[in-house]
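[1] quick one, fold the following:
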Amino acid sequence: MREYILRRMLLVVPIMLGVAALTFFSFQLIAGDVVDLKCGITCPEDVRQALREDLGLARPLYEQFGDWLWGVMRGDLGKSLATGVPVTTELGRRLPITAELLVLTMGLSLLFGIPAGVISAVRPGSIIDSVVRVVNVLWLSVPSFYLAILVILFGFVWFGWSPPQFGAEGHVSFFDNPWVNLQQFLIPAVVLALGSAAIIMRLVRSSMLEVLRQDYIRTAWSKGLRERAVVTRHAIKNASIPVVTILGLEAGGLLGGAVIIESIFALNGVGKYLLESVLLRDIFVVQSVVLFFAATYVVINLAVDVSYAWLDPRIRYS
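    Residues are numbered from 1 along each chain as shown. Take a look at the predicted model:
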C-alpha cells in the first residue's frame with residue numbers, strides 16, 4: 001500500500017508539469033492580453049510596450065513560463081497582472097468559499113442519490129422505482145447553470161427573493177451566522193448536486209441489483225435476517241466500490257461546475273476568480289488556479305483508490 005501511494009504521488013509531478021505547460025501555451029493562442037484590457041484601444045503603442053515590459057510580457061514565452069514555474073516550486077504563485085494582488089492571497093481568501101460549496105454539494109449528492117438508489121433497487125418494478133427513475137432522468141436532463149438561472153429568476157419574480165450575496169451582506173462565515181451562511185450556500189449546493197445525485201442514484205441502483213442477486217445475499221435471506229440487516233450490513237458496502245469510483249470522477253465535474261455556479265450566485269470563490277481572470281487575460285492567475293484544480297483532482301482520486309482496500313479487503317496493491 002505504501003509503495004503504491006508513493007508511486008502515485010510521484011506521478012503527480014509530470015501531470016502537474018503537463019497541465020501547467022498546456023494551460024500556459026494554449027492561453028497564448030487567445031487574441032489580446034491584459035495590456036489591451038488595461039490600456040484600451042486608444043492607447044499609444046509606446047505606452048503599450050512600456051506596460052508590457054513592466055509586467056514582464058515582453059520577454060520570450062519560455063522565460064515567462066520558466067519564471068512562473070520556478071516560483072511555484074518555491075511556493076510563490078506570482079501576482080495578478082490585472083490587480084497586482086498575490087495569487088496566494090486571493091486563493092487564501094476565496095478557497096474556504098469554494099471548499100464549503102463543494103463539501104456541501106458532495107454531501108447533498110450522497111444524501112439524495114444513495115437512499116433513492118437503494119430503495120429503487122430493493123423494490124424493482126414498483127411505483128417507487130418508477131418515480132425514482134423518472135426523477136433521475138429529470139435531474140440528468142437539466143443543466144445546473146440553467147437550473148440556477150431559473151431558481152434566481154422565479155425566486156425573485158414570485159417571492160421577491162434573491163441570494164444574500166446580491167445584497168450588502170457579502171460572504172458570511174458559518175461560524176459567524178449559520179442561518180445566513182446556509183441561505184448563501186444551500187441553494188447553490190442543491191443546484192450543483194442534482195446532476196451528481198442522479199448519476200450516483202443510477203449507479204447505486206444498478207450495483208445494488210447486481211449484489212442482491214449474489215449467493216451470499218440469498219444465504220443471508222435463508223438465515224432469516226431482516227431486510228434492513230441484509231441491505232445495510234451486506235449489500236450496501238459491497239455495492240459501494242462503483243459509487244466511490246464515480247465520486248472521484250464527479251469531483252472534477254463539480255470543480256468545473258463551481259466556476260459557473262459561483263458566478264451566477266455571486267459567490268466569490270476560486271471558480272469565480274478563475275472566470276474573472278480568463279476574461280481579463282490574466283495568464284498567471286489562470287495557470288495557478290488550473291494547477292490547483294488539477295492537484296485537487298489528483299489527490300481526490302488517490303484517496304478514492306486507497307479507500308478501495310477498506311471497502312473490499314480482497315483488493316491488494318502491488
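[2] what about W179, how many neighbours?
    Close neighbours of W179, defined as other CB atoms under 10 Å, add up to 9. Heads up, the C-betas are built off the backbone N, CA and C, glycines and all.
[3] look up how far L147 lies from it.
    To L147, W179 is 24 Å away according to CB to CB, to the nearest Å.
[4] before we move on, what about A303?
    In terms of CB to CB, A303 sits 29 Å off from L147.
[5] ok, the two, which is more surrounded?
    Counting neighbours by other CB under 10 Å for A303 and for L147 shows that L147 has the greater number, 18 against 13.
[6] which strand or helix spans the closest residue to the more buried one other than its chain neighbours?
    Take L147 and drop its neighbours on the chain: the residue closest to it by CB to CB, 6 or more residues apart in numbering is V191, 5.2 Å away. Element membership for V191 (DSSP states H and E) is helix 178-211.
[7] what's that helix packed up against?
    Helices and strands touching helix 178-211, by 3 or more CB pairs under 8 Å, 6 or more residues apart in numbering; DSSP states H and E, are helix 87-122, helix 127-141, helix 144-159, helix 240-264.
[8] can I get these in CSV including distance to S207 and mean pLDDT?
    Below are the helices and strands packed on helix 178-211 laid out as CSV (distance: least, CB to CB, whole Å; pLDDT from 0 to 100):
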stretch, distance to S207, mean pLDDT
helix 87-122, 8, 88
helix 127-141, 14, 87
helix 144-159, 24, 82
helix 240-264, 5, 80
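[9] run the angle between the helix holding V191 and helix 87-122 for me.
    Interaxial angle of helix 178-211 relative to helix 87-122 (axes from the mean of the first three to the mean of the last three CA atoms, to 10 degrees): 50 degrees.
[10] mind listing what's buried in the helix or strand that helix 178-211 is followed by?
    Remark: after helix 178-211, the chain's next helix or strand is helix 215-222, criterion DSSP H and E. For helix 215-222, burial by neighbour count (16 or more other CB atoms under 10 Å) applies to I217, A220.
[11] also stretch 127-136?
    If you call a residue buried by 16+ other CB under 10 Å, then stretch 127-136 has these buried ones: D129, V132, V135, N136.
[12] give me every residue that touches the closest residue to the second one other than its chain neighbours.
    If the residues on either side of it in the chain are set aside, V132 comes closest to S120, at 4.2 Å by CB to CB, 6+ apart. With contacts defined as CB atoms under 8 Å, 6 or more residues apart in numbering, the neighbours of S120 are I128, D129, V132, R133, M201, R205.
[13] cool, N136 as well?
    Going by CB under 8 Å, 6+ apart, N136 touches A116, A198, M201, R202.
[14] so what's the second one scoring on pLDDT?
    Looking at A198, its pLDDT reads 89.
[15] residues in contact with the nearest residue to V204 once chain neighbours are set aside?
    Of all residues not flanking V204 in the chain, G117 sits nearest, at 2.8 Å (CB to CB, 6+ apart). Listed by CB under 8 Å, 6+ apart, the contact partners of G117 are V132, I200, M201, R202, L203, V204, R205, M208.
[16] now with 10 Å, please.
    Residues near G117 by CB atoms under 10 Å, 6 or more residues apart in numbering: 132, 136, 197-198, 200-209, 236, 239, 243.
[17] neighbours around the closest residue to P242 other than its chain neighbours, how many?
    In space, and not counting its chain neighbours, P242 is closest to S207: 5.0 Å by CB to CB, 6+ apart. For S207, the neighbour count with other CB under 10 Å is 21.
[18] cool, K79 as well?
    If you count neighbours by other CB under 10 Å, K79 ends up with 19.
[19] need the contact list for it.
    Residues in contact with K79, defined by CB under 10 Å, 6+ apart, are L55, G71, V85, P86, V87, T88, T89, E90, D282, F284, V285.
[20] distance of the last one from L291?
    In this case it means V285. According to CB to CB, V285 and L291 sit 11 Å apart.
[21] between the two, which contacts overlap?
    Contact criterion CB under 10 Å, 6+ apart; residues bridging V285 and L291 by contacting each: L77.
[22] and R93, what does it touch?
    R93 touches V85, H171, N268, G269, V270, Y273, counting by CB under 10 Å, 6+ apart.
[23] now the spatially most central residue of the chain: closest residue in space, sequence neighbours ignored.
    With distances taken as CA atoms, centre = their mean, L255 lies nearest the centre of the chain, 2.2 Å away. Among residues not flanking L255 along the chain, F293 sits closest, at 5.1 Å (CB to CB, 6+ apart).
[24] that neighbour contacts G269, doesn't it?
    No: assessed by CB atoms under 10 Å, F293 is found out of contact with G269, at 11.9 Å.
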